[in-house]
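Enquirer: Sequence below, structure please.
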Amino acid sequence: MAVLPSASAAGTAIGVPWDDLRAIAGAEHLRSAGSADRVAGIQPQMVLEPDNETELAAALRCADAVGMSVVPRGGGTKLGWGNRPIRADLILSTARLNRVIEHAWADLTLSVEAGCTIQDLQNALSQHGQHIAIDPLWPDRATVGGILSTNDSGTLRIRYGALRDLIIGVTIALPDGTLASSGGKVVKNVAGYDLPKLITGALGTLGVITRAIFRLHPLPRKVESFTFAASDLDDANRLILAVHNSRLAHTGLQARFSAEIAPAVDIRFEGTDTGLAAQAEALRSLVAPATITVACEEVWLARQELWSSAESAAIAKISVLPTSVSETCGRISRLADSLGVKWSAVVQGTGLGWLRLVGPSAPAIHQVLQTMRPELESLGGSLTVLHRPLAMPAMDTWGSCGNALPLMLSVKQQFDPHGTLNPGRFVGGI
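Expert: Model (predicted):
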């Protein structure tokens, strides 16, 4: 392998195999990284776009052999999530791995390459009246590999489950160049190690996802959403719990909170006209005397709208018990108000939520996050910082992982012993 000399400082690549990478993927698919390719402020050297998983695995092996750090990238919509990487020498893009490999529509399964965008995939599946039951952020740019790595499934998870419930097979490229596969093309497949669940949410630190197999669901005949106004935080929480304890067959449930407007709770149903009418009638009886209005589908973009003008805001993902939603948001409201910080949040019926903070100063936002994290963790919840203003003091993205870190480090050592993939970005600096 032809290796050119490079920096010899500890923790940096000992050689840059650009000639080998050009030979693997073609000179036209290796380019110098620009400012738009930065990862959390870290400037990589080069960007490589292989055409298939074999080329990708070979390129990864080549980089791993000389001690380069590699950052996998799909659509780049969530590239800023996680801790700042220790190094970022090479961006390994899946942009050209964008093909649907096999759609077994009669078996409700699909095999697809990791670089396919969610919107393109859903459009192709809709021709057969099917879909993957997910609604992640920015589906027109987010890719299969990206949503799996960040475990971003959206509001439909309350009915259909999270991504770990929908993925039934996966192929990943390991740093040594091995293409490892697990799972299969049938829904009931329990043979071997459950690699699909392991890599979901691992932020690309164990391997680079090259393809995935999903279980599919039929497209609903009709979708209808309703919004009911709540008088305060406690009333919104009461409405959420009432829906949980009912026999309503809802496919979405979220509450929208803000320091400036009254809370609102949204609920979505899918089915036939007759079924939807029955669900709506049962809902009105359940939440009376709350006022219910028919909602447009745009209400389910509320989570995405929190990211508007995110440069000056902090965005955090929180998890709480459904019974603690009002208590948690009340604490956030009191703390934010005392520091002059404006806040808004979208919390799903599962207790998973997203918090936006805009403050008079970056330190004030930082104080809200630093104060709320241990409070949530003491209640069995969590707070993950997904985005923060550049002026905000440094803060660990993930928070405490309890006693799981030794096991996670052991798994990382088995999959990526040289720390090639996304070094430092995951929990505990993995």
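
Enquirer: where in this protein is pLDDT low?
Expert: The chain contains residues with pLDDT under 70 at 1-15, 184-193.

Enquirer: show me where it has helices.
Expert: All helices of the chain, identified by DSSP state H, fall at 18-25, 53-65, 118-126, 144-150, 157-160, 163-166, 195-199, 233-244, 273-287, 302-305, 325-339, 362-378, 405-415.

Enquirer: how about these, which one is nearest M46?
Expert: Closest to M46 of the helices of the chain is helix 18-25 (Cβ to Cβ; 6.8 Å). The C-beta positions use only the backbone N, C-alpha and C, and glycine is treated the same way.

Enquirer: CA atoms only: put the closest one into CSV for me.
Expert: Taking Å, rounded to 0.1, in the frame of the first residue of the first chain, the C-alpha atoms of helix 18-25 are listed here in CSV:
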residue,chain,number,x,y,z
TRP,A,18,-4.8,9.1,-0.8
ASP,A,19,-3.5,7.2,-3.8
ASP,A,20,-5.0,3.9,-2.5
LEU,A,21,-8.3,5.6,-1.9
ARG,A,22,-8.3,7.0,-5.4
ALA,A,23,-7.6,3.6,-6.7
ILE,A,24,-10.5,2.1,-4.7
ALA,A,25,-13.3,4.6,-5.6
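
Enquirer: packing partners for that helix?
Expert: For helix 18-25, the packing partners by 3 or more Cβ pairs under 8 Å, 6 or more residues apart in numbering; DSSP states H and E come out as strand 30-32, strand 46-48, helix 53-65.

Enquirer: So for that helix, what gets flagged as buried?
Expert: Buried positions in helix 18-25, judged by neighbour count with 16 or more other Cβ atoms under 10 Å: 18, 20-21, 23-25.

Enquirer: now, which of the residues you listed sits nearest R221?
Expert: Nearest to R221, judged by Cβ to Cβ, of the buried residues of helix 18-25 is A25 at 44.9 Å.

Enquirer: give me the number of residues near G82?
Expert: By other Cβ atoms under 10 Å, 25 other residues sit near G82.

Enquirer: my guess is it meets H387, correct?
Expert: No. Taking contacts as Cβ atoms under 8 Å, G82 lies outside contact range of H387: 10.8 Å.

Enquirer: show me the contacts for N83.
Expert: With contact taken as Cβ atoms under 8 Å, 6 or more residues apart in numbering, N83 is in contact with 40, 396-398, 424-426, 429.

Enquirer: Please indicate which of those residues are buried?
Expert: Buried members of the contacts of N83, scored by 16+ other Cβ under 10 Å, are 40, 397-398, 424-426.

Enquirer: So which of those are in strands?
Expert: Using DSSP state E, no member of the buried ones among the contacts of N83 falls in strands.

Enquirer: Can you lay out those residues as JSON lines showing distance to V411?
Expert: Output for the buried ones among the contacts of N83, formatted as JSON lines (distance: Cβ to Cβ, whole Å):
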{"residue": "A40", "distance to V411": "23"}
{"residue": "T397", "distance to V411": "19"}
{"residue": "W398", "distance to V411": "16"}
{"residue": "G424", "distance to V411": "16"}
{"residue": "R425", "distance to V411": "15"}
{"residue": "F426", "distance to V411": "11"}
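
Enquirer: between those, which is closest to F214?
Expert: Nearest to F214 among the buried ones among the contacts of N83 is F426, at 23.9 Å by Cβ to Cβ.

Enquirer: Surely that closest one touches L206?
Expert: No. Using Cβ under 8 Å as the test, F426 is too far from L206 to be in contact (9.1 Å).

Enquirer: Tell me which of the helices of the chain sits most buried.
Expert: Most buried of the helices of the chain by mean neighbour count (mean count of other Cβ atoms under 10 Å) is helix 144-150; its value is a mean of 28.

Enquirer: chain center to it: distance?
Expert: Distance of helix 144-150 from the chain centroid (Cα atoms, centre = their mean, to the nearest Å) equals 6 Å.

Enquirer: Counting by contacts, list what it packs against.
Expert: Helices and strands touching helix 144-150, by 3+ Cβ pairs under 8 Å, 6+ apart, are helix 118-126, strand 208-215.

Enquirer: what do you get if the cut-off is 6 Å, keeping everything else the same?
Expert: Here helix 144-150 touches strand 208-215, going by 3 or more Cβ pairs under 6 Å, 6 or more residues apart in numbering; DSSP states H and E.

Enquirer: relative orientation of the strand it packs on and helix 118-126 in degrees?
Expert: Interaxial angle of strand 208-215 relative to helix 118-126 (axes from the mean of the first three to the mean of the last three Cα atoms, to 10 degrees): 30 degrees.

Enquirer: And for strand 208-215, what's in contact with it?
Expert: The contact list for strand 208-215, computed with Cβ atoms under 6 Å, 6 or more residues apart in numbering, reads 53, 72, 110-111, 113-114, 132, 144-145, 148, 166-173, 185, 187.

Enquirer: Give me the subset of those lying in strands.
Expert: Secondary structure assignment by DSSP E places 72, 110-111, 113, 167-173 of the contacts of strand 208-215 in strands.

Enquirer: So which of these is the closest to L283?
Expert: I167 (31.9 Å).

Enquirer: so what's that closest one bridging to?
Expert: Note on I167: beta-bridge partners by DSSP bridges are F214.

Enquirer: The closest residue to Q348 other than its chain neighbours and T227, how far apart?
Expert: Counting by Cβ to Cβ, 6 or more residues apart in numbering, Q254 is the residue found nearest to Q348 once chain neighbours are left out, at 5.0 Å. Distance, Q254 to T227, using Cβ to Cβ, to the nearest Å: 10 Å.
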